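Visitor: Predicted structure and sequence below. I'll ask about it afterward.
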Amino acid sequence: MGREKFPSSSGPGASNGAPPGEMSRQTSRQHSLTETYDMSCKVMLIGDSGVGKTCILVRFKDGTFLSGSFISTVGIDFRNKVVDVEGTKVKLQIWDTAGQERFRSITRAYYRDANALLLLYDVTSKTSFDNIRAWLGEINDYAQDDVVIMLLGNKCDSSGNRVVRKEDGERLAREYGVAFMETSAKTGVNVDLAFMAVARDLKMKKTRRPNEPKFCVADYVEQEKKQTGCCSS
Ligand SMILES: Nc1nc2c(ncn2[C@@H]2O[C@H](COP(=O)(O)OP(=O)(O)OP(=O)(O)O)[C@@H](O)[C@H]2O)c(=O)[nH]1
């Protein structure tokens, strides 16, 4: 199922024998077709139709921007990418879901396996921002309690058409206690940071010793944004 915006490589969870999305610390390095990895986890991209979920995934995976006519995702699609978190190879299995309401029952079925959710709105669409509370309600109903959530205000390159201020995104994220950043699939701003923060959080969860302080993804993101200079409003 899914549009052919990009070629699929292998089936979900096929490469490590684990159920889709189940984060598993591997005892030995595993192979994902051509790449080896130490642990794998499932990341889902969710949010209204047209906010840029597919473009964010393509930017992260291929470093390119899908411009041209907008083709809505049908159902669900996925791609894998192995990233290096301080010597640990983390395979991110990234699920791109359809934002359209008619596919909601399909995408809901995948929530419970997700280790992380990247929840997107479009800074040029007030409706997509207003719908974030409903999306967070869905997460509350269907996802695991310890799922990592990151709120992303996408299309921050479109300054002329912006209708949602960065402060509004920050306020909403604070209210729900989730990490936040503005991104642009077009320019690439903060796209790697979003996925790397998720990968780091998941690695820390798996490797943290009982006496070590908990890793806070929101604090990490704030620190990194200060260092790299986040997208301006
Ligand atoms: N300016 C700008 N346009 C973007 C950005 N990201 C996506 N777009 C455009 O927004 C439109 C929708 O992008 P998609 O990635 O297909 O949206 P989606 O969220 O996957 O949509 P559904 O598959 O329907 O859920 C396309 O025309 C993209 O070119 C961005 O960061 N900046």
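Guide: Structure received.
Visitor: in the biggest strand by length in the chain, what counts as buried?
Guide: When the chain is scanned for its longest strand (criterion: DSSP state E), the result is strand 35-47. By neighbour count on 16 or more other CB atoms under 10 Å, the buried set for strand 35-47 is 37, 38, 39, 40, 41, 42, 43, 44, 45, 46, 47. Placement of C-beta: from N, CA and C, glycine included.
Visitor: Out of these, flag the one nearest to the ligand.
Guide: Nearest to the ligand among the buried residues of strand 35-47, counting by CB to the nearest ligand atom, is residue 47 at 6.2 Å.
Visitor: For residue 139, report the pLDDT, please.
Guide: For residue 139, the model assigns a pLDDT of 95.
Visitor: so what does the helix or strand hosting it touch, helix or strand wise?
Guide: Using DSSP states H and E, residue 139 sits within helix 132-142. For helix 132-142, the elements it packs on are strand 35-47, helix 104-111, strand 116-122, strand 148-154, helix 166-176, judged by 3 or more CB pairs under 8 Å, 6 or more residues apart in numbering; DSSP states H and E.
Visitor: Residue 91 should be in a strand, yeah?
Guide: Yes - according to DSSP: H, G, I helix; E, B strand; the rest coil, residue 91 belongs to a strand.
Visitor: Show me what it is bridged to.
Guide: Note on residue 91: beta-bridge partners residue 40, residue 82, judged by DSSP bridges.
Visitor: give me the number of residues near it?
Guide: 26 (other CB atoms under 10 Å).
Visitor: Touching, it and residue 84? I think so.
Guide: No - Residue 91 is beyond contact range of residue 84, at 11.0 Å (criterion: CB atoms under 8 Å).
Visitor: wait, what's in contact with the spatially most central residue of the chain?
Guide: Note on the chain: the residue nearest the mean C-alpha position is residue 118, at 3.3 Å, using CA atoms, centre = their mean. The contact partners of residue 118, by CB atoms under 8 Å, 6 or more residues apart in numbering, come to 43, 44, 45, 46, 56, 150, 152, 194, 195, 198.
Visitor: can you do 7 Å?
Guide: 43, 45, 150, 152, 194 (CB atoms under 7 Å, 6 or more residues apart in numbering).
Visitor: Give me the angle between the longest strand of the chain and strand 148-154.
Guide: Interaxial angle, strand 35-47 versus strand 148-154 (axes from the mean of the first three to the mean of the last three CA atoms, to 10 degrees): 60 degrees.
Visitor: Strand 35-47 - contacts with which helices or strands?
Guide: strand 24-32, helix 53-62, strand 88-97, strand 116-122, helix 191-207 (3 or more CB pairs under 7 Å, 6 or more residues apart in numbering; DSSP states H and E).
Visitor: State the mean pLDDT of the second one.
Guide: Averaging pLDDT along helix 53-62 yields 96.
Visitor: Thank you, goodbye.
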